[in-house]
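In: Coordinates for the following, if possible.
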Amino acid sequence: MNSLLTISLEQGLIFAVLAIGVFITYKILDFPDMSVEGTFPLGAFIFAKFVTGGMNPVTSTILAFVFGSLAGIITYFLHIKMRIASLLAGILTMTILYSVNLRINGKANIPLYNNGSVFDYGNKILVLAVIVIIIKVLMDIFLKTEIGYLLIATGDNETLVKSLGVSCDKFKLLGLMLSNGIVSVSGALMAQSQGFSDINMGTSIIVSALASIIIGDTILKKSTKINGTTRAVLGAVSYKIIGGFAIDLGFAPTDLKAISAAIVIIFIGYNNMSFFNFKKK
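Out: Numbering: from 1, shown residues only. Predicted structure coming up:
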């Protein structure tokens, strides 16, 4: 059980980075960005490409962020410039990235056991915790800047932002780039943790990200002092620990996708029932 809890905590911290990325589009911009299912493995494949070429794992992870950010531009172009619906734009980007990911290394699975990783610098959980804290703090600082406030305002009220003489489009672009860049870092960390990158590692990853955000919002909904990024981090860790307990109870690892969906359904259902009970009162 201790080893299972350790694994759940490690994956929870990796998913915390994913949740912070999706938090930007889902909670701030109110943008259903499906492209993260392509940028998550993109981060893994970009990392694999550079680290197998002899590059430092830290630099390779940073480059995963850079290339993931560039992928966000594709979704922006399809949605804003081509006027394609946000959901379809994300799906199209995800589809494009599937082929791009295969092109990067020429095959669907890249072993990384013989290459360096950021976990060579210390205990895996400690390294992941430091990375999560750095990303979370930087995001919190950014959201308190003028640009950060305008990004939030773009998701809340585009009319208000336009009335200030500012284009909402550039903030949508910024949000999509930040989101997909951070998601790519999560994919790079997952590849380093499991020792390989795989073309299918992004399948249904959006469900895990949304589950993390929903759980964080649900268990901390009465707290007004805890911000969105903290909720996302705690939700991601809680989500993976819940999944770990499910495995410990006897569920097979092949049931994890169904368990993920069930967790989302349960927490959304709980929120909806709480809302309706409040209205009745």
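In: residues in contact with residue 40?
Out: 18, 183, 184, 186, 187, 190, 201, 202, 205 (C-beta atoms under 8 Å, 6 or more residues apart in numbering). In this view, the C-beta of every residue, glycine as well, is placed from N, C-alpha and C.
In: and it, backbone torsions?
Out: phi -60, psi -50 (degrees, to the nearest 10).
In: any idea of the mean pLDDT in the host helix or strand of residue 269?
Out: Applying DSSP states H and E as the criterion places residue 269 in helix 256-280. In this model, helix 256-280 has an average pLDDT of 70.
In: try stretch 95-114
Out: Per-residue scores along stretch 95-114 average to 93.
In: Endpoints of that stretch, how far apart?
Out: 30 Å (C-alpha to C-alpha, to the nearest Å).
In: Please compute how far that stretch lies from its chain's middle.
Out: With C-alpha atoms, centre = their mean, to the nearest Å as the basis, stretch 95-114 stands 19 Å off its chain's centre.
In: just to revisit the earlier point, reformat the contacts of residue 40 as JSON lines; add neighbour count and secondary structure.
Out: Output for these, formatted as JSON lines (neighbours: other C-beta atoms under 10 Å; DSSP: H, G, I helix; E, B strand; the rest coil):
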{"residue": "18", "neighbour count": "28", "secondary structure": "helix"}
{"residue": "183", "neighbour count": "37", "secondary structure": "helix"}
{"residue": "184", "neighbour count": "35", "secondary structure": "helix"}
{"residue": "186", "neighbour count": "33", "secondary structure": "helix"}
{"residue": "187", "neighbour count": "32", "secondary structure": "helix"}
{"residue": "190", "neighbour count": "26", "secondary structure": "helix"}
{"residue": "201", "neighbour count": "20", "secondary structure": "coil"}
{"residue": "202", "neighbour count": "25", "secondary structure": "coil"}
{"residue": "205", "neighbour count": "23", "secondary structure": "helix"}
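In: Strands along the stretch 101-250 of the chain, start to end?
Out: Here the stretch 101-250 of the chain has its strands, by DSSP state E, counting those that start in this stretch, at 109-111, 196-198.
In: Can you tell me what sits against the first one?
Out: For strand 109-111, contacts defined as C-beta under 8 Å, 6+ apart pick out 45, 48, 52, 191, 195, 196, 197, 198, 199.
In: Wait, the first one touches residue 104, no?
Out: This points to residue 45. Yes. Here residue 45 reaches residue 104: they are 4.6 Å apart, a contact under C-beta atoms under 8 Å.
In: quick one: which of those two has more around it?
Out: The residue with more neighbours, out of residue 45 and residue 104, is residue 45; 29 against 19, by other C-beta atoms under 10 Å.
In: Quickly find the element holding the more buried one.
Out: Per DSSP H and E: helix 36-51 holds residue 45.
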